[in-house]
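Participant: Quick one: sequence plus predicted model below, questions after.
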Amino acid sequence: MLLLLRCGLRAASRGLCLPGGAACGRPPPRPRHVLTMAEELRAAVASQPKRLTSSSEEPEKLEENGHQPKRLKRDVEEEDVEDQNKKSPKRKIVLLMAYSGKGYHGMQRNVGSSQFKTIEDDLVSALVQSGCIPENHGENMKKMSFQRCARTDKGVSAAGQIVSLKVRLIDDILEKINNHLPSHIRILGLKRVTGGFNSKNKCDARTYSYMLPTFAFAHKDHDVQAEAYRLNKETLEKVNKLLACYKGTHNFHNFTSQKGPKDPSAKRYIMEMYCGEPFVRENIEFAVIKVKGQSFMMHQIRKMIGLVIAVVKGYASESIIERSWGEEKVDVPKAPGLGLVLERVHFEKYNRRFGNDGLHEPLEWREEEEKIAVFKEQYIYPTIINTEMEEKSMMNWLTTLPIHDFTSSAAGMQANKKNSKNSSDFEGSDGCDDDSE
């Protein structure tokens, strides 16, 4: 319609015949009716843009005049974000995390519940603020295929936690994430992994440490002061002899809850367990027990250590360890949660298959060892030591050992549990529930 009007206007202004008529030669003086028609056509063309406010021509005209509407500016910004996302595609990665667990209700996030703060709450917030993930992925963590290697419970720390997820590989990604994290939570490393990688399912083994004051091994008949006690060589050898009994595959149903002796999942494989040389901090001697296993059940490590302490102190005989693997129900004390640390996780099968394929790196962290050691010295060990000095969790727990009856039947244990419930279970649960969600 617009085209026809313009053609008609040109024809009228030149004095030519309108479509359907013959062309004239040199235009004669314009008759009055031709001028009137030309004026009408000009008026029709002039009024046409007012009726085409939604057409595609108006934005072009506005841009030529320099009057760009706000909608267009927003569109440009969105295009810039889309371009940036295209430059930073999402990739499956793993993050090496270290954190002090004091003040947190464990590692795992409880979406929709702000009552109890967790490590993952701070991590997800940092990922969103740094631009690694969109905000809706923080609300629904399945969208970024998030998976932690091991859950750690209230107050439990980690020096080598691994999480797998999909993120945008932005520039300076570790620095930007850490800038939005508190100093007691650090991302120490990042590696690309296969698209189907799951940090929990691909993990072959986990290594935990348990830091405790050595006066826990003093015999019950010896009245010792915490600051004065020093672990002698003979006692350390006995501790390591008992810890070595756990190596191999055993039925640990007595070392957790809600698993019976017939439950196949109660069988666990322990690769190594030992106590290192003692050292002094703040005038108190400490030692670190390390245990490596395929996976651990709730309370398992704390009960393994608690039973060894009971034997070394003279409350139970050495035979109780082997007896605890049988079908009989055995009263196994649970050591305090303070001191338990997730040291590292192992991906040996994954490394053999993909570590040297030319596309992926083996999931080993030799270059980060120094940063891990520094973090433990700055945040994890001081927290354990200071909390032990202030709250005396180990000293208080030791006073509950006489309540346990290490030779009683299942019926007798129920009576003892009623008497010792408040004193022996105040620590909360272990951070070792690796194999259930």
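Facilitator: Structure received.
Participant: give me the low-pLDDT residue ranges for the stretch 51-200 of the chain?
Facilitator: Counting by pLDDT under 70, the ranges of the stretch 51-200 of the chain that qualify are 51-88, 112-114.
Participant: One more pass at 80, please.
Facilitator: 51-89, 110-115, 137-140 (pLDDT under 80).
Participant: unless I'm mixing things up, Gly248 is touching Lys267, no?
Facilitator: No. Counting by C-beta atoms under 8 Å, Gly248 stays clear of Lys267, with 10.5 Å between them. (Each C-beta comes from the backbone N, C-alpha and C, glycine too.)
Participant: Please state the offset of stretch 150-161 from the chain centre?
Facilitator: 10 Å (C-alpha atoms, centre = their mean, to the nearest Å).
Participant: C-terminal to the longest strand seen in the chain, what's the next element?
Facilitator: Longest strand in the chain by number of residues (criterion: DSSP state E): strand 157-168. Downstream of strand 157-168, the next assigned helix or strand under DSSP states H and E is helix 173-179.
Participant: Tell me which other helices or strands that next one touches.
Facilitator: Packing partners of helix 173-179 (3 or more C-beta pairs under 8 Å, 6 or more residues apart in numbering; DSSP states H and E): helix 119-129, strand 185-192.
Participant: how about a cut-off of 7 Å?
Facilitator: On a contact count with 3 or more C-beta pairs under 7 Å, 6 or more residues apart in numbering; DSSP states H and E, helix 173-179 meets strand 185-192.
Participant: State the paired neighbours of the strand it packs on in the sheet, together with their directions.
Facilitator: Using DSSP bridges, the strands paired with strand 185-192 in its sheet are strand 90-99 (antiparallel).
Participant: what's the angle from the partner strand to strand 157-168?
Facilitator: Interaxial angle of strand 90-99 relative to strand 157-168 (axes from the mean of the first three to the mean of the last three C-alpha atoms, to 10 degrees): 160 degrees.
Participant: Could you pull out the buried residues of strand 90-99?
Facilitator: Going by neighbour count (16 or more other C-beta atoms under 10 Å), the buried part of strand 90-99 is 90, 92-99.
Participant: relative orientation of that strand and helix 119-129 in degrees?
Facilitator: Angle of strand 90-99 versus helix 119-129, following the same axes, to 10 degrees, is 130 degrees.
Participant: before we move on, the earlier item: next one: the longest strand of the chain to chain centre, how far?
Facilitator: With C-alpha atoms, centre = their mean as the basis, strand 157-168 stands 5 Å off its chain's centre.
Participant: Tell me which strands it pairs with, and in which orientation.
Facilitator: strand 90-99 (antiparallel), strand 147-148 (antiparallel), strand 340-346 (parallel).
Participant: now these as TSV including distance to Ser393?
Facilitator: Converted to TSV, the strands paired with strand 157-168 look like this (distance: least, C-beta to C-beta, whole Å):
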stretch	distance to Ser393
strand 90-99	20
strand 147-148	26
strand 340-346	11
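Participant: what's the closest of those to Arg168?
Facilitator: Nearest of these to Arg168, taken as C-beta to C-beta: strand 90-99 at 5.7 Å.
Participant: Which pLDDT does the model give Gly314?
Facilitator: Model confidence at Gly314, given as pLDDT, is 96.
Participant: Now do the same contact list for it.
Facilitator: Gly314 makes contacts with 219-221, as judged by C-beta atoms under 7 Å, 6 or more residues apart in numbering.
Participant: Return the members of these classed as buried.
Facilitator: In those, burial by neighbour count holds for no member, counting by 16+ other C-beta under 10 Å.
Participant: I'd like to know which of those are part of strands.
Facilitator: Per DSSP E, those never map to strands.
Participant: Run the chain-centre distance for stretch 115-133.
Facilitator: With C-alpha atoms, centre = their mean as the basis, stretch 115-133 stands 9 Å off its chain's centre.
Participant: Tell me how many other residues crowd Glu377.
Facilitator: Per other C-beta atoms under 10 Å, the neighbour tally for Glu377 reads 10.
Participant: Checking my notes, it in a helix, right?
Facilitator: Yes. The assignment for Glu377 is a helix, going by DSSP: H, G, I helix; E, B strand; the rest coil.
Participant: need the contact list for it.
Facilitator: Glu377 makes contact with no residue under the criterion C-beta under 7 Å, 6+ apart.
Participant: how close does it sit to Glu370?
Facilitator: The gap separating Glu377 from Glu370 is 11 Å, by C-beta to C-beta, to the nearest Å.
Participant: buried ones in the helix or strand hosting Asn136?
Facilitator: Taking DSSP H and E as the definition, Asn136 sits inside helix 135-139. By neighbour count on 16+ other C-beta under 10 Å, the buried set for helix 135-139 is 137-138.
Participant: Could you list the residues in contact with it?
Facilitator: Defining contact as C-beta under 7 Å, 6+ apart, one finds that helix 135-139 is touched by 111, 124, 127-128, 143-144.
Participant: do that again at 6 Å, thanks
Facilitator: Outside helix 135-139, the residues that touch it by C-beta atoms under 6 Å, 6 or more residues apart in numbering are 124, 128, 143-144.
Participant: Of those residues, which is the nearest to Ile385?
Facilitator: Val124 (30.2 Å).
Participant: and the closest one, what does it touch?
Facilitator: Going by C-beta under 6 Å, 6+ apart, Val124 touches Gly138.
Participant: From Gly131, how far off is it?
Facilitator: Relative to Gly131, and taking C-beta to C-beta, Val124 is found at 13 Å.
Participant: what does Thr256 give?
Facilitator: Counting by C-beta to C-beta, the gap from Thr256 to Gly131 is 42 Å.
Participant: Gly276 now?
Facilitator: Using C-beta to C-beta, Gly276 is found at 42 Å from Gly131.
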